[in-house]
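Undergrad: When you get a sec, could you give me coordinates for this:
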Amino acid sequence: MRVRAGSLDELRGTGRLLTKAGTHGVCVFWHEGCAYALDDRCPHLGFPLHRGTVEAGLVTCHWHNARFDLATGGTLDPFADDARPYPVEIDGDDVYVVVGDGTASTTAAWWRRLDEGLEGGLTLVTAKSVLGLLEAGEPASAIVRAGVRFGTANRTEGWGSGLTVLVAMANLLPWLDEADRPLALVQGLAFVARDTRGHAPRFPLAPLGESASAPPTERLAGWYRRFVETRAEDAAERVLATALAQPGPTSADAAAMLFGAATDHVLLDGGHTLDFTTKAFEALDHVGWDAAGDVLPMVVGQAARASRAEEGGRWRHPHDLAGLVDSANARIPELLALGAERPALTDAEVSDLAWRLLGDEPAAIVDDLAGAMASGGTPEQLGRALAYAAALRITRFHTQNDFGDWNSVHHAFTYANALHQALCRFPSADLVRGVVHGALRVYLDRFLNVPAARLPDVGSGNLGDLVACWDGQGDVDTAGAIAYGYLRGGGRPGPLVAALGRGLLAEDAGFHWFQIVEAAARQQAAWPEGSEERALILTGAARFLAAHTPTRRELAQVVRIATRLRRGDDLFEA
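TA: Alright, predicted model coming up:
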């Protein structure tokens, strides 16, 4: 389709003509005897390019001094992104702009731009690429796959917060309103870009020899745990690479190696090692098992380098918590075998166990866990009880505590959620050791519930009122009361999770916030519809978000700008 922009005499006389291509303003420039057409809005923030300066084949936007090639629209300043070019036809004295089908770029071009956005840490380019790909019909899983591929290739230190947030957002997508899903993807990808920028690329180690002559899986598993134990990072990675290269390796085989090493000591790196390992397996749910050789070795170095909680004084004095762990670990296989002959616990019994895990006597806590194992508690139920207990620490966190102590209860909860997810997929005695570790970690946080914040009363819960809590600093108890009142008043959890997700995504949120909201969404789903457990878990997440908002909210604004630019909106007003 051709759109007349004006006459050739007008173009030569004024140097530029304005017209429309659908909803998009177009400027035709006359320069050095040729006509060129570009989208009139600067792709950065929408300033009219017809008000810019044309010189030496370039048009310069006066707002942020971004320069664009008249012929191609390509920018010399990548922060601004490329402008859209249009073909120009001159028919006698008439100047026409040729308008295509409205597709500003091919799918292949959007994928290329996504890589460029990640490489340069250009959130506007990333946001436009995500919107373009989704509009072109590309599935969100493919975008996640591209982010995982980039993150695994460009961080020599291995797995970090970037890939964790990306996978968390991929997990959260089904709970979010459709309009919020692009922002969730952009948030995750922006974290990957920040987490890789300035880092060396990763060069994976090759497997040992030919797969046919490699040692059996059992031996490799023993080697792997020994090398993590002795902090021999390269040796451990090469053993894992060898195991993954063998014909027909299963996720259960890999999990036995990785989670066994992650629970050989107490709370490696404060629990991050187990959390990151769980997220690596969840990443494979989104990108496919064929990427295991790239994804799983990312967690090895972190495991080998990690601190070990039992080496710290808190785990030795005034109570020998490390000694309690050792004695409990020795009994776990026998206790689980006894429990396997009994009916599984009821949900009420799992909830009761969680409340008992909040006790003040560490030996009693370990005994309660042992009793639950012998009484039929499955690995999943033990993990769920621990995660609920850790969630209650957040729900009952008193605002008189030091603000930094939110991090303490956060770490216990996100570790427990990761452990529970792992136990759902790969139940084992090794992973159940992590429940003992986590329970004593929750015990160490008992002072943060002294005094315990009052549990909310059942009252009116209008989810729309949560927005004011995110906008008003520290409105913690109000946010908790709204969430609790909504659920106990008969509200469905889905809209509340979506509202928490919307509040999270609107902020320039920190790593911990993404972990909390995703963990709360997954943990509440493990309990029956309408249960008190669901209500209290989501109440805690609402309180945590309200404690940390508002922020500058820059990234959400970038995505709004990208959305409006795609629609052809006029962003600049004279």
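
Undergrad: all strands of the protein, in order?
TA: Listed in chain order, the strands of the chain (DSSP state E) span 2-7, 16-21, 24-31, 34-39, 53-55, 58-60, 67-69, 85-86, 88-91, 94-98.

Undergrad: How much space separates the spatially most central residue of the chain from Asp177?
TA: What sits nearest the mean C-alpha location of the chain, by C-alpha atoms, centre = their mean, is Val165, with 2.0 Å. Distance, Val165 to Asp177, using C-beta to C-beta, to the nearest Å: 19 Å. Every C-beta, even on glycine, is put in place using the N, C-alpha and C of the backbone.

Undergrad: In this model Trp527 seems to touch Asp347, though I could be wrong.
TA: Yes. Asp347 sits in contact with Trp527 when judged by C-beta atoms under 8 Å, with a separation of 6.8 Å.

Undergrad: what residues are shared contacts of the two?
TA: Among the neighbours of Asp347, those also in contact with Trp527 (C-beta atoms under 8 Å, 6 or more residues apart in numbering) are Glu533.

Undergrad: still on that earlier bit, for the residue nearest to the centre of the chain, give me its contacts.
TA: Val165 sits in contact with 187-188, 191-192, 511, 514-515, where contact means C-beta under 8 Å, 6+ apart.

Undergrad: Which two of the residues you listed have the greatest separation?
TA: For the contacts of Val165, the farthest-apart pair by C-beta to C-beta is Val192 and Gln515; their separation is 15.3 Å.

Undergrad: okay, these two: which has more neighbours?
TA: Neighbours were tallied for Val192 and for Gln515 using other C-beta atoms under 10 Å; the higher tally belongs to Val192 (28 against 23).

Undergrad: Nearest spatial neighbour of that one, chain-adjacent residues omitted?
TA: Gly162 (4.0 Å; C-beta to C-beta, 6 or more residues apart in numbering).

Undergrad: And for that neighbour, the neighbour number?
TA: With neighbours defined by other C-beta under 10 Å, the count for Gly162 comes to 25.

Undergrad: same check, this time on Ala374
TA: 18.

Undergrad: Do I have it right that it meets Leu335?
TA: Yes. Counting by C-beta under 8 Å, Leu335 is a contact partner of Ala374 at 4.9 Å.

Undergrad: need the contact list for Glu32.
TA: Per C-beta under 8 Å, 6+ apart, neighbours of Glu32: Gly57.

Undergrad: Can you give me the distance of it to Tyr86?
TA: Per C-beta to C-beta, Glu32 is found 18 Å from Tyr86.

Undergrad: Kindly report the same for Arg543.
TA: Relative to Tyr86, and taking C-beta to C-beta, Arg543 is found at 52 Å.

Undergrad: for Glu361, same thing?
TA: Using C-beta to C-beta, Glu361 is found at 75 Å from Tyr86.

Undergrad: For these two, work out which one has more neighbours and name it.
TA: Neighbour count, other C-beta under 10 Å: between Glu361 and Tyr86, Tyr86 has more, with 22 against 11.

Undergrad: neighbouring contacts of stretch 213-227?
TA: Residues outside stretch 213-227 that contact it (C-beta under 8 Å, 6+ apart): 207-208, 233, 235-236, 239-240, 242-243, 245-246, 249, 253, 256-258, 260-261, 264, 304.

Undergrad: do the same with stretch 148-160
TA: 115, 118, 162-163, 166-167, 192, 195-196, 199-203, 276, 279-280, 283, 286-287, 291, 294-295, 297-302.

Undergrad: Also stretch 542-551?
TA: With contacts defined as C-beta under 8 Å, 6+ apart, stretch 542-551 is touched by 394-395, 397, 399, 403, 406, 410, 453, 466, 469-480, 482-483, 496, 500, 503-504, 507-510, 513, 516-517.

Undergrad: which residues sit in contact with the residue of the chain most remote from its centre?
TA: What lies farthest from the middle of the chain is Gly92; by C-alpha atoms, centre = their mean that is 56.7 Å. With contact taken as C-beta under 8 Å, 6+ apart, Gly92 is in contact with Leu8.

Undergrad: any idea how far it lies from Leu8?
TA: Distance from Gly92 to Leu8, by C-beta to C-beta: 8 Å.

Undergrad: buried set for stretch 115-130?
TA: For stretch 115-130, a neighbour-count test (16 or more other C-beta atoms under 10 Å) marks 116-118, 121-130 as buried.

Undergrad: Quick check, pLDDT for Met249.
TA: Check again: residue 249 is Pro, not Met. The model reports Pro249 with a pLDDT of 78.

Undergrad: which ones are touching it?
TA: Contacts of Pro249 by C-beta under 8 Å, 6+ apart are 217, 243, 292.

Undergrad: how close does the residue lying closest to Ala71 once chain neighbours are set aside get to Cys469?
TA: Among residues not flanking Ala71 along the chain, Tyr36 sits closest, at 6.1 Å (C-beta to C-beta, 6+ apart). With distances taken as C-beta to C-beta, Tyr36 is found 51 Å from Cys469.

Undergrad: again, but for Ala153
TA: 40 Å.

Undergrad: swap in Pro85?
TA: Separation of Pro85 from Cys469 (C-beta to C-beta): 46 Å.

Undergrad: Neighbour count: these two, which is higher?
TA: For Pro85 versus Cys469, the count of surrounding residues by other C-beta under 10 Å is larger for Cys469: 26 against 18.

Undergrad: pretty sure that one is touching Ile482, no?
TA: Yes. Between Cys469 and Ile482 a contact is recorded at 7.0 Å, counting by C-beta under 8 Å.

Undergrad: Grab the nearest non-local neighbour of Ala21.
TA: Of all residues not flanking Ala21 in the chain, Val99 sits nearest, at 4.4 Å (C-beta to C-beta, 6+ apart).

Undergrad: what about that neighbour, how many residues close to it?
TA: Val99, neighbours per other C-beta under 10 Å, totals 18.

Undergrad: my guess is it contacts Tyr86, does it?
TA: Yes. In this structure, Val99 is within contact of Tyr86 by C-beta under 8 Å, at 6.7 Å.

Undergrad: circling back to that earlier point, list only buried entries from the contacts of stretch 213-227.
TA: Using 16+ other C-beta under 10 Å as the burial test, the contacts of stretch 213-227 include 207-208, 233, 235-236, 239-240, 242-243, 245-246, 249, 253, 256-258, 260-261, 264, 304 as buried.

Undergrad: buried sites along the one helix or strand in the chain whose mean pLDDT sits lowest?
TA: For the chain, using mean pLDDT, DSSP states H and E, the weakest element among its helices and strands is helix 554-567, scoring a mean of 91. Buried positions in helix 554-567, judged by neighbour count with 16+ other C-beta under 10 Å: 555-556, 558-559, 561-563, 565-566.

Undergrad: Can you give the distance of it from its chain's centre?
TA: In terms of C-alpha atoms, centre = their mean, to the nearest Å, the centre of helix 554-567 is set 20 Å apart from its chain centre.

Undergrad: That one vs strand 34-39, what angle?
TA: Here helix 554-567 runs at an angle of 130 degrees relative to strand 34-39 (axes from the mean of the first three to the mean of the last three C-alpha atoms, to 10 degrees).

Undergrad: contact partners of helix 554-567?
TA: Helix 554-567 is contacted by residues 23, 41, 43, 45-46, 104, 123-124, 127-128, 131-132, 135, 182-183, 186-187, 190, 505-508, 571 when judged by C-beta under 8 Å, 6+ apart.

Undergrad: for stretch 416-426, same thing?
TA: For stretch 416-426, the external contacting residues (C-beta under 8 Å, 6+ apart) are 251-252, 255-256, 259, 271, 274-275, 277-279, 281-282, 379-380, 382-384, 386-387, 389-391, 431-432, 434-435, 438, 442, 518-519, 522-523, 526.
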